[in-house]
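here is my input; please provide its structure:
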Amino acid sequence: MTRTPLRLVVLGDSIAYGTGALRAEDTLGRRLSAELAADGFDVELRVLAVPGAVSGDLAAQVRRAEAFDADLAVVVIGANDLARFVPPEQAAAALAAAVTALRARGADVVAVPAPDMSMVPVVPPAFRPLVRAACVQLQQRQAAVVEAAGGSVAGVAAEVAGAFAADPAMFSSDRFHPSSAGYARIAAALTPSVLAAARGRRDEAAA
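From the prediction side, this is the model:
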């Protein structure tokens with residue numbers, strides 16, 4: 001079977017980078033690459049994500065990605081915007097600019113909006129409804145601007161939140177970042193969106 005070359009770039013924050021994973025193979029980028037390889041893609045991966053990044057930091061990551069000439073970009077961002085109380089409109093505008101720039105260079109974009117931070121163990125139960133509401137507000141703004149800029153949205157937060165809330169093993173020892181098991185759960189939820197984007201690109205090239 002002829003394999004399809006695919007340059008994959010992962011941008012965003014510590015979740016995109018893989019903080020908390022025990023092995024490099026457990027990180028989001030490596031797991032997604034393995035799934036793409038199993039689907040017939042010859043993947044070249046670049047992880048340009050920076051732990052601690054907010055949406056405003058994506059511009060620098062996008063500039064670094066230019067030389068790579070990516071076919072597919074996965075952007076995971078929003079947790080730090082929430083933690084640092086960045087206004088949703090400001091965060092969404094920065095994400096929109098990043099997606100627009102990536103699309104202008106010919107990359108397909110799959111964006112993963114902010115996680116549900118109310119599931120993080122260090123959040124007191126009394127504050128969880130308020131935190132959840134803030135997360136939903138940012139997620140909705142992120143989804144709207146990504147779609148308007150021509151990207152696709154992988155709304156995995158609702159799908160994985162229950163697993164993280166129910167199983168402390170989903171978190172690493174810092175009780176904030178995902179563990180290797182947590183990254184496996186996130187990757188499983190994200191894989192269909194990434195495969196759909198890559199297959200669409202492959203089909204378009206073959207047409």
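
can you pull out the strands in the chain?
Counting by DSSP state E, one finds strands in the chain at the ranges 4-12, 41-47, 72-76, 108-112, 152-153.

return the most buried member of these.
Highest mean neighbour count among the strands of the chain (mean count of other C-beta atoms under 10 Å): strand 72-76, with a mean of 27. (Each C-beta comes from the backbone N, C-alpha and C, glycine too.)

by contact count, what packs against it?
Under the contact criterion of 3 or more C-beta pairs under 8 Å, 6 or more residues apart in numbering; DSSP states H and E, strand 72-76 touches strand 4-12, helix 14-17, helix 28-38, helix 88-104, strand 108-112, helix 180-206.

pLDDT of that strand, averaged?
What strand 72-76 shows for mean pLDDT is 98.

quick one, that strand and strand 108-112 angle?
20 degrees (axes from the mean of the first three to the mean of the last three C-alpha atoms, to 10 degrees).

Val112 and Gly52, how far apart?
17 Å (C-beta to C-beta, to the nearest Å).

coming back round to it: among the helices and strands packed on strand 72-76, show me which one is buried the most.
Taking mean count of other C-beta under 10 Å, strand 108-112 is the most buried of those, at a mean of 25.

give me the residues contacting the helix or strand of the chain with the lowest mean pLDDT.
Every helix and strand of the chain was ranked by mean pLDDT, DSSP states H and E. The lowest is helix 157-166, at a mean of 87. Helix 157-166 is contacted from outside by 113-116, 118-119, 135, 139, 170-171, 178, 182, 185-186, 189, using C-beta atoms under 8 Å, 6 or more residues apart in numbering.

kindly export stretch 76-95 (C-alpha atoms) in CSV.
Provided in CSV are the C-alpha atoms of stretch 76-95 (Å, rounded to 0.1, in the frame of the first residue of the first chain):
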residue,chain,number,x,y,z
VAL,A,76,-4.8,22.5,21.9
ILE,A,77,-5.3,25.7,23.9
GLY,A,78,-7.4,27.4,26.6
ALA,A,79,-6.6,25.9,30.0
ASN,A,80,-4.1,28.7,30.8
ASP,A,81,-6.4,31.4,29.5
LEU,A,82,-8.9,30.2,32.0
ALA,A,83,-6.4,29.9,34.8
ARG,A,84,-5.1,33.4,34.2
PHE,A,85,-8.5,34.9,33.6
VAL,A,86,-7.8,36.0,30.1
PRO,A,87,-11.1,37.5,28.7
PRO,A,88,-12.8,35.0,26.4
GLU,A,89,-13.0,37.4,23.5
GLN,A,90,-9.3,38.2,23.7
ALA,A,91,-8.4,34.5,23.8
ALA,A,92,-10.7,33.6,21.0
ALA,A,93,-9.4,36.4,18.8
ALA,A,94,-5.8,35.2,19.2
LEU,A,95,-6.9,31.6,18.3
